[in-house]
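In: dropping the sequence and predicted coords here.
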Amino acid sequence: MLTVSIKNEHAEMLAAFGSPQKSIDLALQRYLIEQITAKVAELRQKEANYQTKYGMDYPTFTQRISEDEHFITEVESNVNKMWEIDLADWEFCYKGIDDWTHKLQTILLT
Amino acid sequence: MDTQITDHFADLIALAQTTFEQVDYVTDITPKRAILRFNAKYGSCRVFVTELFSDGLRKYRYYVLRGDWVEAGFDNSPDARAIRLKSGKIGKEHAGEQIPHLHQEDKSKLSLTEEMSFAAFVDWVTANIQPMTH
């Protein structure tokens, strides 16, 4: 378990609301929920931008670039010559939404 | 982020900063993934690098452009053209396979390569690309 220090003035105020440990746990939980929710929103926005840019969802795009050379030629001519860089970032966003959502569920259930 | 990946990204950025100019980078993580993206200048060329650690794999994109012309692009994306070159055919059985390859001549030429590290990319660039500073 990690030990962190808190300011005396905060510790004194926390004591007024009951167990400092419980208060800190609850505050941390709320902070993490807020941070993760913001991160998921950011990833969703980026993921939506890629969907708009390429006109399809991530699973369809990954399938087509693996199986359709003509599709790649069209993408490189009309959308982005370096789609490979977008693909990596898109994967990070698409799968990252799930990663953080699962983490959020874990926090909410504890 | 896994400390090994953190260290790896730090080493990569340090090497980039000793080789290229105006290195502008971003890292991000999820509980299961980590990504580094940067762009930089190499004389009159621009360098674009992405490394993604996802599902136990390192997915890399190392590109050098002169203007909009792709001088060289090393990556291991599941590009259908690279899959055909390696396997002789494309199809669902090869979908998603990571195939290390090199794009040249503005992506009109593609060849298969060994798995590439960023350090090997830097060596390749300094040996093969004249930066032609203005």
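Out: Everything's here; your move.
In: near chain A, which residues of chain B?
Out: Neighbours of chain A within chain B, by Cβ under 8 Å from any Cβ of the partner chain: B:28, B:30-33, B:35, B:37, B:48, B:50, B:52, B:54-55, B:59, B:61, B:63, B:68, B:70, B:73, B:75, B:77-81, B:83-84, B:90-92, B:94-97, B:106-107. Just so you know, the C-beta spots here come from the backbone N, C-alpha and C atoms, and that holds for glycine as well.
In: which non-adjacent residue is nearest the residue sitting nearest the centre point of chain A?
Out: Chain A has residue A:40 as the residue nearest its centroid, 3.9 Å off, counting by Cα atoms, centre = their mean. Leaving aside its chain neighbours, residue A:40 sits nearest to residue A:100 (5.0 Å; criterion: Cβ to Cβ, 6 or more residues apart in numbering or on different chains).
In: circling back: list the helices and strands whichever strand or helix holds the residue nearest to the centre of chain A packs on?
Out: Using DSSP states H and E, residue A:40 sits in helix A:20-54. If you count contacts as 3 or more Cβ pairs under 8 Å, 6 or more residues apart in numbering or on different chains; DSSP states H and E, helix A:20-54 packs onto helix A:8-15, helix A:58-67, helix A:83-109.
In: how far is that helix from where the chain is centred?
Out: With Cα atoms, centre = their mean, to the nearest Å as the basis, helix A:20-54 stands 6 Å off its chain's centre.
In: ok, now stretch B:116-127?
Out: The answer for stretch B:116-127 is 10 Å, by Cα atoms, centre = their mean.
In: pull out the buried residues from that stretch.
Out: For stretch B:116-127, burial by neighbour count (16 or more other Cβ atoms under 10 Å in any protein chain shown) applies to B:116-118, B:121-122, B:124-125.
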